[in-house]
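**Student:** The following comprises the amino acid sequence and a computationally predicted model.
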Amino acid sequence: MRFTLITGRTVAQGDAMEKGKTEEEFMKACAIVELDPEDMEKLGVREGDTVKVKTSEGELVLWVRKAPGEQPGVAFIPMGPWANYLIGGDTEATGMPPYKVVDAEITPERGKVPSLEELLRLYTREEVR
Amino acid sequence: MRVTHRDVVCSFCGTLCDDIEVDVEDGRIAEVRHACRIGTTKFLSASRHEHRLLKPMVRENGRLKEVSLEEAVERAAEILAGAQRPLLYGWSSTSCEAQSVGIELAEVLGGVIDNTSTVCHGPSTIAVHEAGFISCTLGEVKNRADLVIYWGANPMHAHPRHLSRYSIYPRGYFRERGHQDRTLVVVDVRRTDTARLAQKFVRVQPGRDYELISALRAVVNGRKLPMDEVAGVSREDIEELAEMMKSCSFGVLFFGMGLTQSPGRHRNIDNAICLVRDLNTYTKFVIMPMRGHYNVVGFSEVLSWQAGFPFAVDFSKGYAWYNPGETTANDVLQRGECDAMLVVASDPVSNFPKPSVENMLKMPIVAIDVHPTPTTMVADVVIPAAIAGIEVEGTAYRMDVVPLRLRKVVEPPEGVLSDVEVLQRILERVKEIKG
C-alpha cells in the first residue's frame, strides 16, 4: 500500500534519547511506524506487528504503532537512525534533505526489526568499526 | 544533604524553560521539578554515570581503546590538521562559549562549519534573507497573543511546555483569563496531540503547504477563491481561518519542520512571512520558528558575530564564504568534499539521511559528546564532555533570540572537561601543528 512518509520528533523518542541511544528503550521509541487505524485495517496489521517500509533509498522492517490521531495515507516514523535509513539526500540546493513527504510502500512482513548495531552494519557491511 | 537549586535553565529544547527546580543530594541530582518529561530525563540521566562517556577513546585495529586525554587530543588534532577540508558539525547543544572556540578552530583549519540549523530551520534563515522577519519575544506572546497558530509543528511532543509557559495556558497582562482569552489553531498533515487541543484543526495535504498559504494570502487580501478547495482544505475553512487571522488583536504563527522539511522548503517560509506581512495591514501579527536544540539560535548569533553569516560557513578559501546548498553539511558530505569530521554535541549518524551517513563512514571522525551515540560508536576519536547547563555554566539563546545564563548544579564526572576546555586544547595543538 502506498503512503506518504513523514519523520519527526516524538516525546518518547526525545525521552529515550536522553536516557541513552544505546539502550533498548531508544530502539522501541524509534524503530516504529505510526499508521492511521483505518489504514492498519486495510493492511491487515495490528499494533505490535511488523511491516516492511520501502522507499527509493532503502527498506526496513519496523513495528507498527497506532497513530494518536487520524492521518489517512500518512506514515510517521520518529526521527533517528531507522527513519533516516529510508531518507534520500537531495537538498534541492538548500542544505535540507527530504525528511518529510517521501513516497513509501508498506507491506505486512513477518521479520526481525534490526537493532542499532545491525542497522549500522547495514551501512558498513561489516562489524561496527 | 539536599540542596535545592531554583530557576535553573533546562538545556534541552529551544523553549529554554528557566523555572526548573533541581534537588542535589550527595553530589547527584535526586529530583527535578517543573521540567517536562524530556527535560526531567536530561537532568536525571546526567547523574547516571554508567550511561555516560567517561574516558577518552581512540580507535586502534578497529576497536575503540581508552587513552589519556592528552593522547585523544593529540590524535584529534592530527586528524583535523591533516585534513584538507574538514567539516565541523553539531554545536546546537552546547554553550555559546564552546561555539566561539569551534568557529576559531574552523577558521584555523580552513574547514567548513555548520550546525544543526542545516537540518531544522536553515530554510527559515534563507527565507528571512529573502523576505525579512516580523517577530517578537515569547513574553509578548504570553501577555498579548489572542490567536496562536502552530503550522507543521507539534509542541506537545517537541517543546512540551511551550503551550503552558508562553502561548496558550498562561495568564498574561492583556490575557488575564489565560487560555479562555486565546484561540489555538493547528495546521498539520496529521491530527497530532497538539491538534487535539486546538479549537480549529486544518488538515493540509502533505507537501501542499505553499498552496494553502497562497490561498490564505489571496483571501486575506480580499480575493474570492475560484475553486472549492486548496491543498485538501475547503474554501469555507480557508475563509474562516483568514477571517480569524484578520480579526484577532495579536496573532502569532509558530512554524516547525512541517514547513522547512517539506517540498518547497524555504519558499514555504518565505510565503508564510509574506502572509504575516499582509496581515499587518489589518492587525498585529508575528511569526516565529519553533527552534529545536536549546542553543541552535546561539550558534547563528555567535557565527554571525565572528564570521558574518548564520550557518554553513566555509573557511577553505581563506575567508568566510556562505552559500547554502554548497556549504551546508549534507551537500558537502554527499559531494565527498570533506575528508574528516569533528562532531560536537550532535549525532549526525542518527540524524543525517542515508547518502550522507554512507560518506561520513568513509572518513575519520572526532566526536565530543556526553553520552554514547551511533556517531561515537563509529568515531575514531571520542572525547567525553561535561553537560552545559547541568555541570558547566554558559550562555544559550532561547528560540526568540533572548540569551539566558546556563547554571551549574553538579560537578562533572571526574576528569571530564567542558566542551570549551576540550576544544581549546585541540585548537592549541592544531595551531602548533599548523605552525
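**Tutor:** Structure's in. What do you need?
**Student:** The spatially most distant residue from the centre of chain A: helix or strand, and which one exactly?
**Tutor:** Using Cα atoms, centre = their mean, the residue of chain A lying farthest from its centre is A:Ala93. It sits 25.4 Å away. If you go by DSSP states H and E, A:Ala93 is not part of any helix or strand.
**Student:** List the residues that contact it.
**Tutor:** B:Pro324, B:Gly325, B:Glu326, B:Asp331 (Cβ atoms under 8 Å, 6 or more residues apart in numbering or on different chains). From N, CA and C alone the C-beta is placed, and that goes for glycine too.
**Student:** So which of those residues are in helices?
**Tutor:** Judged by DSSP state H, these include B:Asp331 as members of helices.
**Student:** Looking at the contacts of A:Ala93, which is nearest chain A?
**Tutor:** Set against chain A, the nearest of the contacts of A:Ala93 by Cβ to the nearest Cβ is B:Gly325 (3.2 Å).
**Student:** mind listing what whatever residue of the stretch 251-400 of chain B ends up closest to chain A touches?
**Tutor:** Chain A sits closest to B:Thr328 of the stretch 251-400 of chain B, with a gap of 2.7 Å, by Cβ to the nearest Cβ. For B:Thr328, the contact set (Cβ under 8 Å, 6+ apart) comprises A:Thr91, A:Thr94, A:Gly95, A:Met96, B:Asp114, B:Thr118, B:Gly122, B:Phe311, B:Ala312.
**Student:** Tally up the residues packed near B:Thr375, please.
**Tutor:** 26 (other Cβ atoms under 10 Å in any protein chain shown).
**Student:** residue boundaries of the helices in chain A?
**Tutor:** A:11-19, A:24-30, A:37-43, A:81-84, A:116-124.
**Student:** What residues sit buried inside stretch B:242-253?
**Tutor:** Of all the residues in stretch B:242-253, those buried under the rule 16 or more other Cβ atoms under 10 Å in any protein chain shown are B:Ala242, B:Met244, B:Met245, B:Lys246, B:Cys248, B:Phe250, B:Gly251, B:Val252, B:Leu253.
**Student:** Now go through those and say which are in strands.
**Tutor:** The strands, defined by DSSP state E, take in B:Phe250, B:Gly251, B:Val252, B:Leu253 from the buried residues of stretch B:242-253.
**Student:** how about those, which pair is most distant?
**Tutor:** Longest distance between any two of those is 11.6 Å, between B:Phe250 and B:Leu253; criterion Cβ to Cβ.
**Student:** For these two, list the residues in contact with both.
**Tutor:** Both B:Phe250 and B:Leu253 are contacted by B:Phe285, B:Val286, under the criterion Cβ under 8 Å, 6+ apart.
**Student:** got the ones in strands among the buried residues of stretch B:242-253 as a markdown table, with distance to A:Leu35 and pLDDT columns?
**Tutor:** Converted to a markdown table, these look like this (distance: Cβ to Cβ, whole Å; pLDDT from 0 to 100):
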| residue | distance to A:Leu35 | pLDDT |
| --- | --- | --- |
| B:Phe250 | 38 | 98 |
| B:Gly251 | 34 | 98 |
| B:Val252 | 32 | 98 |
| B:Leu253 | 29 | 98 |
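**Student:** what bits of chain A have low per-residue confidence?
**Tutor:** For chain A, residues meeting the criterion pLDDT under 70 lie at A:125-129.
**Student:** A:Leu122 versus the residue farthest from the centre of chain A, what's the distance?
**Tutor:** Going from A:Ala93 to A:Leu122 by Cβ to Cβ, to the nearest Å gives 29 Å.
**Student:** cool, B:Ser93 as well?
**Tutor:** Applying Cβ to Cβ, the value for B:Ser93 to A:Leu122 is 27 Å.
**Student:** Between the two, point out the one with more neighbours.
**Tutor:** B:Ser93 (29 against 13).
**Student:** The more buried one against B:Ser346, yeah?
**Tutor:** Yes: because the distance of 6.7 Å satisfies Cβ atoms under 8 Å, B:Ser93 is recorded as touching B:Ser346.
**Student:** Give the next helix or strand downstream of the helix or strand harbouring B:Glu70.
**Tutor:** Here B:Glu70, judged by DSSP H and E, is contained in helix B:69-82. Past helix B:69-82, further along toward the C-terminus, the next helix or strand under DSSP H and E is strand B:87-90.
**Student:** How far off centre is that following strand?
**Tutor:** In terms of Cα atoms, centre = their mean, to the nearest Å, the centre of strand B:87-90 is set 14 Å apart from its chain centre.
**Student:** just checking, what packs against the following helix or strand past it?
**Tutor:** Reading on from strand B:87-90 to the C-terminus, the next helix or strand found by DSSP H and E is helix B:96-109. Under the contact definition 3 or more Cβ pairs under 8 Å, 6 or more residues apart in numbering or on different chains; DSSP states H and E, helix B:96-109 sits against helix B:69-82, strand B:87-90, strand B:112-115, helix B:296-307, strand B:341-344, strand B:394-397, helix B:419-434.
**Student:** Quick one: these as a markdown table, columns for distance to chain A and mean neighbour count too.
**Tutor:** Output for the helices and strands packed on helix B:96-109, formatted as a markdown table (distance: least, Cβ to the nearest Cβ, whole Å; neighbours: other Cβ atoms under 10 Å in any protein chain shown):
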| stretch | distance to chain A | mean neighbour count |
| --- | --- | --- |
| helix B:69-82 | 15 | 20 |
| strand B:87-90 | 12 | 28 |
| strand B:112-115 | 8 | 30 |
| helix B:296-307 | 13 | 22 |
| strand B:341-344 | 14 | 27 |
| strand B:394-397 | 17 | 23 |
| helix B:419-434 | 17 | 19 |
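**Student:** Turn these into TSV, columns for mean pLDDT.
**Tutor:** Below are the helices and strands packed on helix B:96-109 laid out as TSV (pLDDT from 0 to 100):
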stretch	mean pLDDT
helix B:69-82	98
strand B:87-90	98
strand B:112-115	98
helix B:296-307	98
strand B:341-344	98
strand B:394-397	98
helix B:419-434	98
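**Student:** JSON lines for these, including distance to A:Ala31?
**Tutor:** Below are the helices and strands packed on helix B:96-109 laid out as JSON lines (distance: least, Cβ to Cβ, whole Å):
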{"stretch": "helix B:69-82", "distance to A:Ala31": "32"}
{"stretch": "strand B:87-90", "distance to A:Ala31": "24"}
{"stretch": "strand B:112-115", "distance to A:Ala31": "27"}
{"stretch": "helix B:296-307", "distance to A:Ala31": "26"}
{"stretch": "strand B:341-344", "distance to A:Ala31": "23"}
{"stretch": "strand B:394-397", "distance to A:Ala31": "31"}
{"stretch": "helix B:419-434", "distance to A:Ala31": "30"}
